[in-house]
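Novice: Sequence and predicted structure, then a few things I'm wondering about:
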Amino acid sequence: MPSTKNVDAVKVLSDKLGKAKAVYFTDYLGLDVVSITQLRKEFVMKDVEFTIAKNTLIKLAAKEAGMSGVDDFLKGPTAMAVSYEDPTNPAQVIKDFLKDFDKPSVKGMILDGEVFDANEFERIANLPSKDQLLSKLVGMLNSPMAKLSSTLGSPVSGLLGALEQLNSKKEG
C-alpha cells in the first residue's frame, strides 16, 4: 500500500506534467550543491521549475497525466526541468550551463506532448525563444509599412526640394 506522502507527490508531479508545455528529463548526478543551486537560480530566472523525484513516482505521474514514452528517460537519477510558458527556456538554460559544467545531461524531452530523445537537444536548444520570434515578427510586419511610408514620402520631399530651389532662384 503506497504511503500518503508518495500519493501526494504523484498528484503534485501529475499536475505539473499536465500543465507543462515542456519537460526536460536530465541526469544531475555529479553536480555538487553549489552547482545545483546555481542551476536552480538560472532556471528560476527563466520561469522554469527544476524538480528531483524518484523515477517510479515520475512514471506514475506521467501515466496519470496521459504522457507516454517517458519510461526510456527514467533510468538512474532523474531531475525534471518543467516550463509552463516557453518550451525552449529550459533548453537555453541547460545549454548555457553546459558551457561551464559537464552536467546536467539531457535524457529526453517532451514538448507540447511530443516526445524527443537526447539527440534532438542541440537542435531545440538553438531555437529562438518566444520573445525573439515575436520581435522578429513585429520587425517583419513593420518593414513593409516603413518602406511604404518612405515610398509615399519620397515624391513629396522631392517636390518640396524643387519648390524651395525655385523659390530661392526667384528671390535671388
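Specialist: Cool, the structure landed.
Novice: So Asp112 is in contact with Ala20, correct?
Specialist: No. With contact defined as Cβ atoms under 8 Å, Asp112 does not reach Ala20; the gap is 9.3 Å. For the C-beta atoms, the positions are set from N, CA and C on the backbone; glycine is no exception.
Novice: who's more crowded, these two?
Specialist: For Asp112 versus Ala20, neighbours defined as other Cβ atoms under 10 Å are more numerous around Ala20 (25 against 8).
Novice: Next up, the contacts around the more buried one.
Specialist: 82-84, 110 (Cβ atoms under 8 Å, 6 or more residues apart in numbering).
Novice: Try it again at 7 Å.
Specialist: 82-84 (Cβ atoms under 7 Å, 6 or more residues apart in numbering).
Novice: What is the burial count for Tyr28?
Specialist: Tyr28, neighbours per other Cβ under 10 Å, totals 18.
Novice: I'd guessed it sits against Ser105; true?
Specialist: No. Using Cβ atoms under 7 Å, Tyr28 is not in contact with Ser105; the gap is 8.7 Å.
Novice: tell me, what's touching those two both at once?
Specialist: With Cβ under 7 Å, 6+ apart, Tyr28 and Ser105 have no common neighbours.
Novice: A strand includes Val106, no?
Specialist: Yes. Looking at Val106 with DSSP: H, G, I helix; E, B strand; the rest coil, it is inside a strand.
Novice: please begin residue numbering at 36 from this point
Specialist: Yes, from this point I'll number from 36; that puts the last item at Val141.
Novice: Helix or strand: which one has Val117?
Specialist: strand 114-118 (DSSP states H and E).
Novice: Sheet partners, orientation included, of that strand?
Specialist: Strand pairing for strand 114-118, using DSSP bridges, gives strand 57-62 (antiparallel), strand 83-87 (antiparallel).
Novice: Quick one: closest of the ones you listed to Leu48.
Specialist: Leu48 lies closest to strand 83-87 among these, at 7.4 Å (Cβ to Cβ).
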